[in-house]
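Student: Need coordinates for the below:
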Amino acid sequence: MDDIAALKRDRGDLRAAFAAIDAAVAREIDAGPRVPEVDWRAIAEGTAPPDLPALIRRRGCVVVRGVFDRPQAEDWDAEIAAYLAANDADAAMRARRAGRWGDGPPQMYSIYWSRPQVLARQAPVLAQVRAWLNRLWSVGGAFDPDLECTYADRIRRRTPGDASLALGPHIDGGTSGRWRDPVYRAVFAGDPAGFDPFDAAGRTDAAGSDANACAMFRTWQGWTALTAQGPGDGTLQVVPIASAIAWVLLRPFLPDVAPGSLCGAEQDKALWITPEFHAKLLRGLTPIPHVAPGDTVWWHPDLIHAVEARHDGTAPSNVMYIAAAPDCARNRAHLAPQLAAFRAGRSPPDFPADDLEVRFIGRAGEELLGALGRRQMGIG
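Tutor: Modelled structure (predicted):
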């Protein structure tokens, strides 16, 4: 912990900077922030509220409704269920995660290459949605907002009554390395108000040594709903305040935190947001609104989010995780090893090597890729 103590000494006295961001975050929480919602048709037709982009940047998240037709999403959900059943995926997951799910079925599957996942990732409408979302960033040449690189991710199929998939409030994409990342230089210079979470400068640089960091740069984490779900259904919660990351980064500089502590942030572990250090932020934790099959949910890579402790609903809450990973050198470097995994049915490089689908019947193959899908996968 000596290096952390030295890092904090080098940053100087940041108590005034924390007080400023603390006051700003308190105002947001007291106002009861909500997750913005918009129908994709309104965006495509230019009838969305003119203040929508600024609101999404402020909240760091958005529900984009109607990206896929409901019947299409429901058909995909049924096809994934059949794919899992035909290949006894429950038994395969239990073999990889003994005891993880208690007496119930697996809730998260190391499945990446089902036909619905591959088809959804390369869908032209999803490319349009992600391009629109990418343009909410100040790009500055860091990436091409209109071109996407595939980032293969898993599926969640949470069943009513499940309490095994609870995931406390956290931030993905890096832990202790954030306190050394030049992306946040304005925060550590004592000017949290001058930090723009949507400034892409430095975001596409090569990933550092923090093993919790995603290999690819995601402008937006996200998922596509395959079933209806909402508050109480064991689904997503967020703290819809994009600037809260500055609060998290400055919190360790208060006198009640030990010199060698970053409020629980440790190399190779998740960046947890805890009552001990972050109680004020947790007051802002709110569930996403009800979504229908075919709706999509998106959140900034610095946003605090969680998975509800229990699924108290009456129907499954199923999603395909599909993020936005725009074209840039960092993301293109990930495509070749990911493509090799796709061709062999292995797990992608960013995930545990479960390799469940190597022998799965009905796995998607390269012949399923259209021109857009091939380009997104780095083929040709």
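
Student: For the stretch 251-380 of the chain, which segments count as helices?
Tutor: 275-282, 329-344, 371-376 (DSSP state H, counting those that start in this stretch).

Student: how about those in a markdown table, adding distance to residue 299, mean neighbour count and mean pLDDT?
Tutor: Heads up, the C-betas are built off the backbone N, CA and C, glycines and all. Putting those into a markdown table (distance: least, Cβ to Cβ, whole Å; neighbours: other Cβ atoms under 10 Å; pLDDT from 0 to 100) gives the following:
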| stretch | distance to residue 299 | mean neighbour count | mean pLDDT |
| --- | --- | --- | --- |
| helix 275-282 | 15 | 15 | 98 |
| helix 329-344 | 19 | 17 | 97 |
| helix 371-376 | 21 | 16 | 98 |
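
Student: so which of these gets nearest residue 106?
Tutor: helix 329-344 (20.6 Å; Cβ to Cβ).

Student: What distance do you get for residue 217 to residue 148?
Tutor: 12 Å (Cβ to Cβ, to the nearest Å).

Student: returning to that earlier point: quick one: which of the helices of the stretch 251-380 of the chain is nearest residue 97?
Tutor: Here helix 329-344 is closest among the helices of the stretch 251-380 of the chain (Cβ to Cβ), at 19.6 Å.

Student: by contact count, what packs against that closest one?
Tutor: Helices and strands touching helix 329-344, as assessed by 3 or more Cβ pairs under 8 Å, 6 or more residues apart in numbering; DSSP states H and E, are absent.

Student: Tell me how far it lies from the chain's centre.
Tutor: Distance of helix 329-344 from the chain centroid (Cα atoms, centre = their mean, to the nearest Å) equals 19 Å.

Student: returning to that earlier point: overlap in contacts, residue 217 and residue 148.
Tutor: Residues touching both residue 217 and residue 148 (Cβ atoms under 8 Å, 6 or more residues apart in numbering): 325, 326.

Student: Which residues does residue 296 form beta bridges with?
Tutor: residue 64, residue 224 (DSSP bridges).

Student: State the distance from it to residue 255.
Tutor: 43 Å.

Student: Could you list the low-pLDDT ranges of this structure?
Tutor: Across the chain, the ranges flagged by pLDDT under 70 are 1, 206-209, 211.

Student: try 90
Tutor: For the chain, applying pLDDT under 90 flags the ranges 1-2, 99, 102-104, 173-174, 205-214, 266-270, 380.

Student: Do a quick rundown of the strands in it.
Tutor: Using DSSP state E, the strands of the chain run over 37-39, 61-65, 108-109, 144-148, 155-158, 167-171, 221-225, 236-238, 271-272, 286-287, 296-299, 305-307, 317-321, 326-327.

Student: how about the ones you listed, which one is nearest residue 72?
Tutor: Nearest to residue 72, of those and by Cβ to Cβ, is strand 221-225 at 10.3 Å.

Student: Thank you, goodbye.
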